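*Asks:* Below are the sequence and a predicted model for it; my questions follow.
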Protein chains: 2
Amino acid sequence: MKVLIIEDEVMLGEAIGHLLKQSKYLYDIANDGETGLYYALSDEYDCIVLDIMLPKLDGFEVAKRIRKEGKNTPILMLTAKSDVADKIHGLNIGADDYLTKPFQTEELIARIRALTRRQGTVVMDTLSFSDLILDLKNYSLSCGEKTVGLGFKEFEIMRILMSNPKQVIEKETIISKVWGLDSEATDNNIEAYISFLRKKLFYLGSKVNIGVKRKLGYFLEA
Amino acid sequence: MKVLIIEDEVMLGEAIGHLLKQSKYLYDIANDGETGLYYALSDEYDCIVLDIMLPKLDGFEVAKRIRKEGKNTPILMLTAKSDVADKIHGLNIGADDYLTKPFQTEELIARIRALTRRQGTVVMDTLSFSDLILDLKNYSLSCGEKTVGLGFKEFEIMRILMSNPKQVIEKETIISKVWGLDSEATDNNIEAYISFLRKKLFYLGSKVNIGVKRKLGYFLEA
DNA sequence: TTTATTTTTAAGTTTATTTTAAGTTATTGA
DNA sequence: TCAATAACTTAAAATAAACTTAAAAATAAA
């Protein structure tokens, strides 16, 4: 799960990021409306935390354009004022929830959790493919009796592969979802993790293996 | 948008279908688990409404097999009991949402709408000609039961041929599309790949073969 | 802080794809 | 009919991509 934070107060942005990380979310931060919008449209995020007061493009404008592009990524708006008019305006424009600064950290996390939960649905807490079960709650992968814990990045990669089993996922996609859009990560980074994951699949004795399509990407096969 | 209803109570199935029709959805109905599963695997549906109590194969089993085949079509499970254990079991197996009978019709439609919304844009992910299917997502070519993986260049060539079946594609065109405009590649390069592809078509047992027009290029014929 | 874990880096190794090339077969037109 | 040309097939060589590791660096936890 990945959250985009659009917030110009650097310290606050980092603080939110830190909180999210502790709750096992990935995140990126954009410091102004323009870059924020650009990131938001990339489709990498499961939720967007959006400040209203922003340089270049204010939060309302950002939200409006995101919706205009047909994206319905959940948006949680942040504002300094507890102005009801602002709130209504934001919700009309397409924000999904609203939080007034200053806020309790638990409150923020709770709201993000609510938004990232699939609309009107109970959260799914495992993903499965063939004989594998990926536990989204405690970051473990199991096959029959055996279970192994996965590191953060191992987990994210496995999740991407297991949400689209048998489909070739481009390395590009994996890098931008796991390391971030503007990351320095190279193919070799992915390769190392794929190697780690394969070792774990072997240990688990699973029938599943991670296949590769040269020049393209990776996929799961039974 | 098309929904598959797997429900043995004929009246209920029809009623759901009727509701869906009013909301501009297309639908098919299967009356037992076995046919339901068969339909589900055809990849035509954007959402599946699945009863648990079913003849031949129960809903849990159907869901499990759908996921095992790597399909992640959203599944909305229906059940008569409001049993929590059932609910958890269903979600673990890969259902995306749950609804207890009897239910409000608005509720059903709202949930189906939620499940079909997050799917995003529909992309064409296969090309077909005669008995061949080229899978653009996992770079494979299949005919009936058999499937072979294609390498990058094999795939690109096959894609060009299959997008213009029966039309003669000049070698020039193939070279510039696959190797690049300013490449050093010779006709012999293409010939080698055509040979590889023919071998694979033979292995697949397809009726299709790659024909040649001397001095011009190649084409597919049934 | 120290310790443990995760992540990155980098080099050497392996492997799949791609190219080359030489021998074979088919097609064309003089 | 038979050169001549074009296309076919194949093995083996070359190349580029992917794999694997160990070790260094960074990060989180104690």
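*Replies:* Yep, it's here.
*Asks:* doesn't residue A:210 make contact with residue A:198?
*Replies:* Yes - here residue A:198 reaches residue A:210: they are 5.7 Å apart, a contact under C-beta atoms under 8 Å. C-beta: built from backbone N, CA, C; applies to glycine.
*Asks:* Show me which of those two is the more surrounded one.
*Replies:* Regarding residue A:198 and residue A:210, a neighbour count based on other C-beta atoms under 10 Å in any protein chain shown identifies residue A:210 as having more, with 16 against 12.
*Asks:* DNA strand C contacts on chain A?
*Replies:* The interface of chain A toward DNA strand C, taken as C-beta under 7 Å from any atom of the strand, is made up of A:149, A:151-154, A:179, A:184-186, A:188-189, A:192-193, A:213-215.
*Asks:* out of those residues, which are buried?
*Replies:* Neighbour-count burial (16 or more other C-beta atoms under 10 Å in any protein chain shown) is assigned, among the residues of chain A next to DNA strand C, to A:153, A:154, A:179, A:189, A:193, A:213.
*Asks:* mean confidence for the host helix or strand of the fourth one?
*Replies:* Secondary structure here is read from DSSP states H and E; on that basis residue A:189 sits in helix A:187-204. This predicted structure assigns helix A:187-204 an average pLDDT of 93.
*Asks:* and it with chain B, contact?
*Replies:* No - Helix A:187-204 stays clear of chain B (C-beta under 8 Å from any C-beta of the partner chain), getting no nearer than 15.1 Å.
*Asks:* List the buried residues for that helix?
*Replies:* A:189, A:190, A:193, A:194, A:197, A:200, A:201, A:204.
*Asks:* give the contact list for residue A:211.
*Replies:* When the contact criterion is C-beta atoms under 8 Å, 6 or more residues apart in numbering or on different chains, the partners of residue A:211 are A:218, A:219, A:220, A:221.
*Asks:* Any chance of TSV for the residues you listed, columns distance to DNA strand D, secondary structure and pLDDT?
*Replies:* Converted to TSV, the contacts of residue A:211 look like this (distance: C-beta to the nearest atom of the strand, whole Å; DSSP: H, G, I helix; E, B strand; the rest coil; pLDDT from 0 to 100):
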residue	distance to DNA strand D	secondary structure	pLDDT
A:218	7	strand	95
A:219	11	strand	94
A:220	13	strand	92
A:221	12	strand	89
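*Asks:* Output stretch A:50-62 as CSV, nothing but the C-alphas.
*Replies:* Included here for stretch A:50-62 are C-alpha records, laid out as CSV according to Å, rounded to 0.1, in the frame of the first residue of the first chain:
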residue,chain,number,x,y,z
LEU,A,50,-3.4,16.5,0.3
ASP,A,51,-2.7,19.8,2.0
ILE,A,52,-4.8,22.7,0.9
MET,A,53,-2.3,25.5,1.2
LEU,A,54,0.3,24.7,-1.3
PRO,A,55,2.7,26.6,-3.6
LYS,A,56,2.1,26.6,-7.4
LEU,A,57,-1.3,24.8,-7.3
ASP,A,58,-3.5,24.7,-4.3
GLY,A,59,-5.0,21.5,-2.9
PHE,A,60,-8.5,22.2,-4.3
GLU,A,61,-7.1,22.6,-7.8
VAL,A,62,-5.0,19.4,-7.4
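*Asks:* model confidence over that stretch, on average?
*Replies:* For stretch A:50-62, the per-residue pLDDT values average out at 90.
*Asks:* burial count for the closest residue to residue A:79 other than its chain neighbours?
*Replies:* The shortest distance from residue A:79 to any residue that is not its chain neighbour, by C-beta to C-beta, 6 or more residues apart in numbering or on different chains, is 4.5 Å, and that residue is residue A:52. As a burial measure, the neighbour count of residue A:52 was computed by other C-beta under 10 Å and equals 24.
*Asks:* pretty sure residue A:52 is touching residue A:60, no?
*Replies:* Yes - distance between residue A:52 and residue A:60: 6.6 Å, which falls inside the contact criterion (C-beta under 8 Å).
*Asks:* if we can go back for a sec, please produce CSV containing the buried residues of helix A:187-204, extended by distance to DNA strand D.
*Replies:* Formatted as CSV, the entries for these read as follows, by distance: C-beta to the nearest atom of the strand, whole Å:
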residue, distance to DNA strand D
A:189, 9
A:190, 7
A:193, 8
A:194, 5
A:197, 9
A:200, 11
A:201, 10
A:204, 15
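*Asks:* picking up where we left off before, JSON lines please, covering the contacts of residue A:211 and showing neighbour count and distance to residue B:37.
*Replies:* Formatted as JSON lines, these follow (neighbours: other C-beta atoms under 10 Å in any protein chain shown; distance: C-beta to C-beta, whole Å):
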{"residue": "A:218", "neighbour count": "22", "distance to residue B:37": "28"}
{"residue": "A:219", "neighbour count": "21", "distance to residue B:37": "23"}
{"residue": "A:220", "neighbour count": "24", "distance to residue B:37": "21"}
{"residue": "A:221", "neighbour count": "15", "distance to residue B:37": "21"}
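*Asks:* Many thanks, I have nothing further to ask.
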